[in-house]
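Colleague: Sequence and predicted model, in that order:
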Amino acid sequence: MIGYTCLGTNDLPRAAKFYDALLAEIGAKRLMEYDTFIAWGTAMDKPSLGLIKPFDGQPATVGNGVMVALVVDSHDKVDRVYKKAMELGAKDEGPAGPRGDGFYAGYFRDPDGNKLNVFCMG
């Protein structure tokens, strides 16, 4: 249902370096790139994640209550992506582990403060 999600950044080169390394852990790569926008995904017809410098020229800010959830297919991949995020300077928002019946996730904030999680079911 979701085609893509965009996160704002005030430092596109720094953010791109973070997401190049982080999303490589789940097989994603850059699909589109412009001066103010980069999108990552596994294929053009699959959901993707974009970073953008705001069109209105104002500073990017973090939305309170906004979170992007990255789905993977194993606990091991959740652990790997969460660990990679921490290595890349992300802020911990809840370490990888079980979160109730059949839900396994790790939560973090990227260098711009955007909140993400990586999760799997089962």
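Modeller: On my side now, so go ahead.
Colleague: Relative to Met121, how far out is the residue of the chain most remote from its centre?
Modeller: In the chain, the residue that sits farthest from the middle, by CA atoms, centre = their mean, is Asp101; the gap is 23.8 Å. Per CB to CB, to the nearest Å, Asp101 is found 10 Å from Met121. For the C-beta atoms, the positions are set from N, CA and C on the backbone; glycine is no exception.
Colleague: do the same with Lys115
Modeller: With distances taken as CB to CB, Lys115 is found 20 Å from Met121.
Colleague: Neighbour count for these two, which is higher?
Modeller: Set Lys115 next to Met121 and count neighbours by other CB atoms under 10 Å: Lys115 wins out with 19 against 10.
Colleague: wait, the more buried one sits on Val68?
Modeller: Yes. Assessed by CB atoms under 8 Å, Lys115 is found in contact with Val68 at 7.5 Å.
Colleague: and Ala21, which of the three is it?
Modeller: Per DSSP: H, G, I helix; E, B strand; the rest coil, the local secondary structure of Ala21 is helix.
Colleague: what sits against it?
Modeller: Lys84, Leu88 (CB atoms under 8 Å, 6 or more residues apart in numbering).
Colleague: Check Gly97 too.
Modeller: Going by CB under 8 Å, 6+ apart, Gly97 touches Tyr104, Ala105, Gly106.
Colleague: Write the PyMOL selection for whichever of the residues you listed are buried.
Modeller: To isolate the buried members of these in PyMOL, using 16 or more other CB atoms under 10 Å:
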select buried, resi 104+105+106
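Colleague: Can you show me the helices along this structure?
Modeller: 12-24, 75-87 (DSSP state H).
Colleague: what's the angle between the first one and helix 75-87?
Modeller: Note on geometry: by axes from the mean of the first three to the mean of the last three CA atoms, to 10 degrees, helix 12-24 and helix 75-87 are set 160 degrees apart in direction.
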